[in-house]
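[1] Give me the fold of what follows.
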Amino acid sequence: MTTTAPDPSQATPAQRRKWAQYLADERAEAATYRNLAMRREGDERDILQKLAEAEGRHETHWLTLLGGEPARMPKASLSTRMVAWL
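    Below you'll find the predicted structure:
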């Protein structure tokens, strides 16, 4: 099954808000992985750094759809913040 990427020019305000939320979550998740990587060594550190890099690629995707930084950046979702806190 193939899916087509959404057309940013046709995005509704609700879609743009959702994308901005995804962007905020990706950034928070990348920061969590980077912080964890700083406390680890060896393979575990490498894996966490690669996960942070993957989140960075996701961030780029949402920024592309949004056409840049949103005017109003939401906080990361509660679930994302709770995982970071743990």
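[2] And the residue most central in space within the chain, how far from G42?
    Residue closest to the average C-alpha location in the chain (Cα atoms, centre = their mean): E26, at 1.3 Å. Applying Cβ to Cβ, to the nearest Å, the value for E26 to G42 is 26 Å. Every C-beta, even on glycine, is put in place using the N, C-alpha and C of the backbone.
[3] what do you get for A28?
    A28 is 25 Å from G42, by Cβ to Cβ.
[4] higher neighbour count, those two?
    A28 (18 against 7; other Cβ atoms under 10 Å).
[5] picking that back up, from what I can see the residue nearest to the centre of the chain touches W62, true?
    Yes. The pair E26 and W62 qualifies as a contact (Cβ atoms under 8 Å) at a distance of 6.4 Å.
[6] distance between stretch 66-86 and the chain's centre?
    How far stretch 66-86 lies from its chain's middle: 8 Å, per Cα atoms, centre = their mean, to the nearest Å.
[7] Show me which residues of stretch 55-63 are buried.
    E55, G56, H58, E59, W62, L63 (16 or more other Cβ atoms under 10 Å).
[8] So for that stretch, mean pLDDT?
    Mean pLDDT, computed over stretch 55-63, is 95.
[9] Using CSV, list the CA coordinates for that stretch.
    Only the C-alpha atoms of stretch 55-63 are listed here, as CSV (Å, rounded to 0.1, in the frame of the first residue of the first chain):
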residue,chain,number,x,y,z
GLU,A,55,14.2,12.1,15.5
GLY,A,56,16.1,14.9,13.8
ARG,A,57,15.1,13.6,10.4
HIS,A,58,11.5,13.4,11.6
GLU,A,59,11.8,17.0,12.7
THR,A,60,12.9,18.0,9.2
HIS,A,61,9.9,16.3,7.7
TRP,A,62,7.4,18.3,9.9
LEU,A,63,9.3,21.5,9.3
